[in-house]
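Engineer: Structure here, sequence nowhere to be found:
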């Protein structure tokens, strides 16, 4: 009886008695969700255009952030370092397309997935060798990113909104809007959507697959850089970030693998669900349930809607 | 497919078949001290300065004194990445080179190596980490963990909290939060914590940090904000430390009520929180700063000659000095071994006896060029730890400042737990070899 | 020229349907077994046995387990590490609850426990397919990892939250615990792996294996010809988890001598998946190729500078190892996407007509 009360009644009582904490939890969930969604966005970009599930997205986030901080530490001014990092990501896109994607064209998806594993290893080794394994502090001040928090007094307590989180949400929205415009309105965007539909058909109308792949990996690299900056500003830039990228998988499940708005919405749902679950139901189970709650949410969702919120319906033909 | 490609592919694959029996012949007259370090992975931020300190001090002894007792020390690092399998692999690989001591620097690896080292007869130095129960020399003749165990450390923290609150009776009814690494390292102090909570009437709230979520602690600290414990104790390592300090600053937790164990006290742990980290406390048993003569020697003989592992301004940071202390203890044990046996090139059995008779007084620290660097260390045949004191330091925004006197552990609370834990370990791991090594008179 | 099967006529159906119909194959297999059972224990040193052969065999068994699921049945699973952990912890509980029973029985029994857990977490496969199933198994992986720490009963309330392996004997010789010699442990592991590989080979070449492959190729068509999907898929999960569970128990008891939740984390799952894919999906010999490649390559790379007399710091060697492993993964995927097993097959085919090109 007590257990039932604890599971079903008590958390809502808590939500009612401390509404400022509820709002704070929702805000934290939203912020975490936006960050997960940013990583998922990188996945979606590459998956949409080349059908490759890019496992290396997580390490690209770390690598981009490390390059930025590493260049700054060597004395390059912040925005020049930013520009150089963007150039590095473009170079990486070229190299990946030339050496990895082109030889593996038309291979089954699992092979390409494995190849991105190899890419992950390469980037880990390269990143650690060039920049060292000790964690770096993100250069938030030099990039004119805000620091500190706004404490909003409401509902009997206060809700603390970190300015950097607000900035992250704004930047993520701008990025999503920009990408949506890019996909809908520009020629390259249309070409990307064509490639996502069918490689062969796109080739037959004269779209250069190689160029498209470079563009899309570059776009994913930019997204990775933004994610790295935001995430690095919240906690340090270190290789532990790469494991958080796995959290993007439940986001992709919810939102579908090929939908950009789906990635954002899925991210927000997962983020909020995770934080609410950990905060109100976590202590019951011994806490630390954040490590698996997102996946269980995704699993339950999958059982009812196997293609996700926005994904295309899977039609199997014999 | 082309034959050429096939042969090339096959030969690359066959490369793996090369028998891996590589063991370089070591020079006859050296003492081999392997260092199990991790400069990669999520714990590298803690592992790198310690590895640097350990390595540089031994190199300094080689350069300045020509080794210990005239015999050079052969130092070799083996990268473990804080992973147990790699640690065991390193141990197996280095076993054949006749190491005189093993420093795993990971509680997980130490636990895996304790049974092996006891059978292979290689001393394990797990300085203030590892299995607390290995302080019982009778049951663990080959394991040493001076200057204090985790249980000692926890009792010292509780003592400090009680002192700040105005007495042990003031602890009644208060809530103390415990944020810890969700693994053997963080779980070990919990029995003592629960015991002390019962004895003194305070409530303990536990906040585990899963290893995969070390940088994603915002949810956990929301819980802390809800519970508002009066004090927070942290048992963190690697990327967990700076993330925790930053999150604590974000929820405006009073930093001077947030105290970490000696492994949560690196400058890199407090620095990222910038102004928010000021006031953060941590336990410590070695000194900080590079003003000690031995540190100056390291700079002179190793760093400036380009043979050092790190940059000059990093010498003197807390974890670097911790690594130096580790190597200083190893060097003293080797010296003791040389004195006890009269040999110059001592082996693992000799160094074990050297560890057991380890006595570094304040005067001896001064002789080593580390005056006031650490408290006296006294290891004996039955007590492989010594249960020595530690002090509390505070982060002032740029450096650590000693903010309390040396606090002694609550031996009366800790000793029964140690006895019980040692007995428990021995029973669970039957047949556990009975100690056959004799006690030296001097230990 | 050497590998021709000219002159080898089969005179019975059984001989024709044999797994190794060519005499040279059988001779080769016997030679490998001879080397494994006799030569390596006699000639190998402790490092070779402890750090190369035993891990290779243990990981090889886990790779076979995952290959049965991913390669033969087409169900992508990222929960291998967790199932290995279930095997290890189950073996520990059984061994400590019933200390009198032979440890080898418990090693095999723990496989059954892992099979049960595998079936439970494989239930979503009835509804979810392809890559989405991988996420479902990730839920299993993270949840079980959490359980291994949060349920202290599993590790007998040890303060260290890890399994401390007790010493157990077999025929009077210690096989687990610190007093067990590497040779003893190696022989035990080798025997178990050989027997289980033979089991897997029989499964795969028989009716059940064909059912799995039908499900992999086109499950709707398989259902149409009368294969019960749910039974086949759950059986795949059960058998795969059985193999992984036994591998996990061997990892804890016969290889490391200790284990904790972190030994069975997501990285372990990815490692075994690498081995499956590099070795070759749907191939038992490929599983072993993949295991020795992914496991042995870093060891060779780490020790190579020492052999050649170069002094590179351990950390740099680690970095170079990572990069080289990544490059080689991509290289092998480009050269032969079907894995090392396919390379081996092509090699054998070329040998049959050598020195002629075709």
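Structural biologist: Perfect, I can see it now. Just so we're clear, the structure is a prediction, and the values are computed from it rather than from any experiment.
Engineer: How about residues contacting stretch C:136-148?
Structural biologist: Residues from elsewhere that reach stretch C:136-148 (C-beta atoms under 8 Å, 6 or more residues apart in numbering or on different chains): A:246, A:249, A:288-289, A:291-292, A:295-296, A:298-299, A:302, B:210, B:212, C:76-79, C:81-83, C:85-86, C:89, C:117, C:121, C:124-125, C:128, C:154-155, C:260-261, C:264-266, C:269. (Glycine included, C-beta is placed from N, CA and C.)
Engineer: Mind checking which of those residues are in helices?
Structural biologist: A:249, A:291-292, A:295-296, A:298-299, A:302, C:81-83, C:85-86, C:89, C:117, C:121, C:266, C:269 (DSSP state H).
Engineer: Quick one: low-confidence residue ranges for chain A.
Structural biologist: Residue ranges of chain A with pLDDT under 70: A:133, A:240-242, A:311-312, A:314, A:318.
Engineer: Get me the contact residues on it for chain B.
Structural biologist: With C-beta under 8 Å from any C-beta of the partner chain as the criterion, chain A meets chain B at residues A:18, A:21, A:24-25, A:28, A:31-32, A:128, A:132-135, A:137, A:147, A:149, A:160, A:162, A:234-236, A:238-241, A:243-244, A:246, A:274-275, A:278-279, A:282-283, A:286-288, A:290-291.
Engineer: Okay, strands next: where are they in the stretch 201-350 of chain B?
Structural biologist: B:203-209, B:231-235, B:258-260, B:281-284 (DSSP state E, counting those that start in this stretch).
Engineer: now the ones you listed as JSON lines including mean pLDDT and distance to chain A?
Structural biologist: As requested, the strands of the stretch 201-350 of chain B are arranged in JSON lines below (pLDDT from 0 to 100; distance: least, C-beta to the nearest C-beta, whole Å):
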{"stretch": "strand B:203-209", "mean pLDDT": "91", "distance to chain A": "5"}
{"stretch": "strand B:231-235", "mean pLDDT": "94", "distance to chain A": "14"}
{"stretch": "strand B:258-260", "mean pLDDT": "94", "distance to chain A": "17"}
{"stretch": "strand B:281-284", "mean pLDDT": "93", "distance to chain A": "18"}
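Engineer: and of the ones you listed, who's closest to residue C:273?
Structural biologist: Nearest of those to residue C:273, taken as C-beta to C-beta: strand B:203-209 at 26.8 Å.
Engineer: Partner strands of the closest one, with direction?
Structural biologist: strand B:175-181 (parallel) (DSSP bridges).
Engineer: The partner strand vs strand B:231-235, what angle?
Structural biologist: 20 degrees (axes from the mean of the first three to the mean of the last three C-alpha atoms, to 10 degrees).
Engineer: Beyond strand B:175-181, next helix or strand please.
Structural biologist: With elements assigned by DSSP states H and E, the helix or strand that comes after strand B:175-181 is helix B:184-187.
Engineer: Check which helices and strands that following helix sits against.
Structural biologist: helix B:107-120 (3 or more C-beta pairs under 8 Å, 6 or more residues apart in numbering or on different chains; DSSP states H and E).
Engineer: what sits up against the helix it packs on?
Structural biologist: B:36, B:80, B:82, B:84, B:87-88, B:91, B:95, B:102, B:104, B:123-124, B:126, B:129-131, B:134, B:140-143, B:183-185, B:188, B:429, B:433, C:160, C:162, C:164-165, C:177-179, C:256-258, C:260, C:262.
Engineer: Show me what the top helix by length along chain B is packed up against.
Structural biologist: Secondary structure of chain B read by DSSP H shows that its longest helix is helix B:318-341. Packing partners of helix B:318-341 (3+ C-beta pairs under 8 Å, 6+ apart): helix B:44-65, strand B:124-125, helix B:267-270, helix B:293-298, helix B:348-356, strand B:359-360.
Engineer: who wins for proximity to residue A:95 among these?
Structural biologist: helix B:44-65 (26.1 Å).
Engineer: Any idea how far the closest one is from the middle of the chain?
Structural biologist: Distance of helix B:44-65 from the chain centroid (C-alpha atoms, centre = their mean, to the nearest Å) equals 14 Å.
Engineer: cool, stretch C:194-209 as well?
Structural biologist: 14 Å.
Engineer: Over to stretch B:374-383?
Structural biologist: Relative to its chain's centre, stretch B:374-383 lies at 16 Å (C-alpha atoms, centre = their mean).
Engineer: need the residues of chain B near chain A, please.
Structural biologist: Proximity of chain B to chain A (C-beta under 8 Å from any C-beta) is limited to residues B:39-42, B:44-45, B:48, B:182, B:206-210, B:212-220, B:222-223, B:225-226, B:238-239, B:242-243, B:246, B:250-252, B:268, B:271-272, B:274.
Engineer: actually the stretch 201-350 of chain C, sorry about that
Structural biologist: Counting by C-beta under 8 Å from any C-beta, the stretch 201-350 of chain C comes close to chain A at C:218, C:220-221, C:224, C:266, C:270, C:274, C:277-278, C:281, C:315-316, C:318-330, C:333-334, C:337.
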